[in-house]
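A.B. asks: Would you be able to build a 3D model of this:
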Amino acid sequence: MRVTFRTVRAIAPGLLSCLVGVLVAIAIAANVDGLPMLTAAVILGLVLGNVTGIRQYAGTVLKPGLDFAARTVMRAGIVLLGLQLSLGDVAGLGVAGIGAVIGLVILAFALIWLLGRLFRLPHDESLLIASGYSICGASAIGAMSAVTRTPAGRAAAPVALVTLCGTLSIFVLPLLAVPLGLSDPQLGWWAGAGVHDVGQVVATAGSAGTAALAVAVVVKLTRVVMLAPMTAVVSLAARRNPALLAAEARGTDASGSRPAIVPLFVLGFLAAVLLRTSGWLPEAALETAAGAQHVLLGAALVALGSQVKIGRLLTTQSRYLALGLLAWIVIGGLALLLALLLA
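C.D. replies: Next comes the predicted model:
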């Protein structure tokens, strides 16, 4: 996109509203136990896009900036997400553990995508929901939407669903761990393998203490590493059969250019992972990058949340809600099985 004064002036109001939303989300998360900032950001976006007296601005004055945040800002946040991942931490799971997590991601992705098709969702939206639940929540949806060329408005419902179910996990998993007789490491495996966003994993496993949290974070970050190969596979499929994804996403014919095999921002994500693994960056730089990543993803989620129309989701899009809850059960059940076998 060519940057001009007119462009900056157009996106400024919406982008500023997203940044204000992030600041409010940070304050809310700091005062509400168990509520991650990114979840609070989606909730504020829902308010922006659904409350009478505010929502008309989200569709007019704020729209250019909200679209910019949902697309470009989201991609920048995904790149910085790579700086949270060290391949050395992943290697600590061992060959069996890594293989099990990879198998879980692939199986969950395939099952949830098939469920989406059974619910008669378009291919691209089925892929968004599958990637969000199986890999890393809203970040994976943002990455996959770039590959499938799904407009931000159509990516909003998958983001809302994955945020809703991830938030439910924060309370449901620790509650079920007691009657299931799970040890702290088992709860850590369950949370890391079955909960969606990193912040939600931390909130879920953190309630059981450091032993559960340490396992959960490593398992979760191993799933995040799968973001690059999974988007590459889908991109290859889209290049071989553009009508499968791009035409549905745009609502037009499939005459557009083919997507890159690996989008540029995904390559940036991989470069960030390698940079973190190298150990060259000082701790202060990593902490700064982590803060920036939270702000960028938070701004993007405010924007995506503003495009969810709750009334429509509960009525004409009720099958999305049913699919989201069923997908949550699928990934949770597979993750629990993994926890019982490996922890």
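
A.B. asks: Where in this protein is the helix or strand with the lowest mean pLDDT?
C.D. replies: Least confident helix or strand of the chain, by mean pLDDT, DSSP states H and E, is helix 242-250 with a mean of 51.

A.B. asks: Now do the same contact list for the residue nearest the centre of the chain.
C.D. replies: Central residue of the chain (C-alpha atoms, centre = their mean): A138, 1.9 Å from the mean position. Residues in contact with A138 (C-beta atoms under 8 Å, 6 or more residues apart in numbering) are 38, 42, 132, 159, 162-163, 196-197, 297, 300-301, 304. Placement of C-beta: from N, CA and C, glycine included.

A.B. asks: Where does it fall, secondary structure wise?
C.D. replies: Secondary structure from DSSP states H and E places A138 in helix 137-148.

A.B. asks: so what secondary structure elements neighbour the helix or strand following that helix?
C.D. replies: Using DSSP H and E, the helix or strand that directly follows helix 137-148 along the chain is helix 152-180. Under the contact criterion of 3 or more C-beta pairs under 8 Å, 6 or more residues apart in numbering; DSSP states H and E, helix 152-180 touches helix 37-50, helix 123-131, helix 137-148, helix 184-194, helix 198-206, helix 283-306, helix 318-342.

A.B. asks: Could you check the angle helix 152-180 makes with helix 198-206?
C.D. replies: 10 degrees (axes from the mean of the first three to the mean of the last three C-alpha atoms, to 10 degrees).

A.B. asks: Report the rounded mean pLDDT for helix 152-180.
C.D. replies: Across helix 152-180, pLDDT averages out at 89.

A.B. asks: What of stretch 9-28?
C.D. replies: Mean predicted confidence for stretch 9-28 is 95.

A.B. asks: What residues of it count as buried?
C.D. replies: 10-11, 13-15, 17-19, 21-22, 24-26, 28 (16 or more other C-beta atoms under 10 Å).

A.B. asks: Which two of the residues you listed have the greatest separation?
C.D. replies: Farthest pair in the buried residues of stretch 9-28 (C-beta to C-beta) is A10 and I28. Separation: 28.9 Å.

A.B. asks: if we can go back for a sec, distance between the helix holding A138 and the chain's centre?
C.D. replies: Centroid separation for helix 137-148 versus its chain: 7 Å, with C-alpha atoms, centre = their mean, to the nearest Å.

A.B. asks: Can I get it in PDB? Just the C-alpha atoms.
C.D. replies: C-alpha atoms of helix 137-148 as PDB (Å, rounded to 0.1, in the frame of the first residue of the first chain):
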ATOM      1  CA  GLY A 137      -5.700 -18.900  18.300                       C
ATOM      2  CA  ALA A 138      -6.200 -15.500  16.700                       C
ATOM      3  CA  SER A 139      -2.600 -15.200  15.600                       C
ATOM      4  CA  ALA A 140      -2.900 -18.400  13.400                       C
ATOM      5  CA  ILE A 141      -6.200 -17.100  12.100                       C
ATOM      6  CA  GLY A 142      -4.500 -13.800  11.100                       C
ATOM      7  CA  ALA A 143      -1.700 -15.700   9.300                       C
ATOM      8  CA  MET A 144      -4.100 -18.100   7.600                       C
ATOM      9  CA  SER A 145      -6.400 -15.400   6.400                       C
ATOM     10  CA  ALA A 146      -3.500 -13.800   4.600                       C
ATOM     11  CA  VAL A 147      -2.900 -17.100   2.700                       C
ATOM     12  CA  THR A 148      -6.600 -17.700   2.000                       C
END
